[in-house]
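*Asks:* Coordinates only, no sequence provided:
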């Protein structure tokens, strides 16, 4: 009696899971930051993995009805006096050619502003020259509206020690704006290493051997 495909597939899946579990995943949820603080060019945002490249970053909370104000985020400021703002991770990443990567983050399409507005802005996320850009606006009394963004890319060449960068730019007439960012993550697709492929082939061979010994 020959082994069924599902049995072999389950063994293969288990081995692939073991192979991918060793790969590190990066995550920053900003819940360790202090509230209502401002950081400018060259400063690290305390309690996070990010630092300001230029402009200003503000620390905020999402839910005013949460007594602990535990769910927090960072807003990149755009204004006539400050200009655009950008921040980058202090963690640096090595990118391997031919490997698929995924950069994810949450952003709020709307944010509050001291002026009536609306003040339109763009937020760009990038790593190693691979980018994605989203649009939003700030307006007095505007509620937060969070959206998840995923950027998939596969480098053509190896890159060493590259950061994750977020940059917010105001569009024409944007006297003030703030681009909210939260839940940044970065990971690779689960590709087995050579040793794991050997384990997979050995396991499939064992399944076939046991199947041949099984009486019809």
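*Replies:* Thanks, I have it. In this text the structure is predicted, and so the values were computed from the model without any measurement.
*Asks:* where are the low-confidence patches of the protein?
*Replies:* Along the chain, the parts satisfying pLDDT under 70 run over 1-24, 189-216.
*Asks:* Walking through the protein, point out its helices one by one.
*Replies:* Secondary structure of the chain by DSSP state H: the helices cover 5-21, 194-213.
*Asks:* quick one, what contacts residue 165?
*Replies:* 53, 86, 87, 88, 89, 124, 125, 126, 127 (CB atoms under 8 Å, 6 or more residues apart in numbering). The C-beta positions use only the backbone N, C-alpha and C, and glycine is treated the same way.
*Asks:* What is the neighbour count of the closest residue to the fifth one other than its chain neighbours?
*Replies:* What sits nearest to residue 89 in space, not counting adjacent residues and going by CB to CB, 6 or more residues apart in numbering, is residue 164, at 4.3 Å. For residue 164, the tally of surrounding residues (other CB atoms under 10 Å) stands at 24.
*Asks:* who does residue 164 bridge with?
*Replies:* Beta-bridge pairing for residue 164 (DSSP bridges): residue 127.
*Asks:* That one contacts residue 125, doesn't it?
*Replies:* Yes. Counting by CB atoms under 8 Å, residue 164 does reach residue 125; the two are 7.2 Å apart.
*Asks:* contacting residues for the residue lying closest to residue 43 once chain neighbours are set aside?
*Replies:* Counting by CB to CB, 6+ apart, residue 43 lies nearest to residue 52, which is 5.4 Å off, once chain neighbours are set aside. Contacts for residue 52 were tallied using CB under 8 Å, 6+ apart; they are 39, 40, 41, 42, 43, 44, 45, 85, 86, 87.
*Asks:* Which of those residues are buried, as a ChimeraX select command?
*Replies:* Per 16 or more other CB atoms under 10 Å, the buried members of those correspond to this ChimeraX selection:
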select :39,45,85,86,87
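*Asks:* so who does residue 174 touch?
*Replies:* Listed by CB under 8 Å, 6+ apart, the contact set of residue 174 reads 78, 119, 120, 121, 138.
*Asks:* and if we set it to 6 Å?
*Replies:* 78, 119, 120, 121 (CB atoms under 6 Å, 6 or more residues apart in numbering).
*Asks:* Could you count how many residues lie near residue 166?
*Replies:* Using other CB under 10 Å: residue 166 sits among 23 other residues.
*Asks:* so it sits right up against residue 125, yeah?
*Replies:* Yes. Between residue 166 and residue 125 there is a contact under CB atoms under 6 Å: 5.4 Å.
*Asks:* before we move on, back to that, just list whatever residues bridge to the residue nearest to residue 43.
*Replies:* residue 87.
*Asks:* From residue 142, how far off is it?
*Replies:* Distance, residue 52 to residue 142, using CB to CB, to the nearest Å: 24 Å.
*Asks:* so how far is residue 74 from residue 50?
*Replies:* Taking CB to CB, one finds residue 50 at 7 Å from residue 74.
*Asks:* Spell out which strands sit alongside the longest strand seen in the chain in the sheet and which way each one runs.
*Replies:* Ranked by residue count, the top strand of the chain under DSSP state E comes out as strand 176-188. Partners of strand 176-188 in the sheet, by DSSP bridges, are strand 26-28 (antiparallel), strand 72-79 (antiparallel), strand 101-108 (antiparallel).
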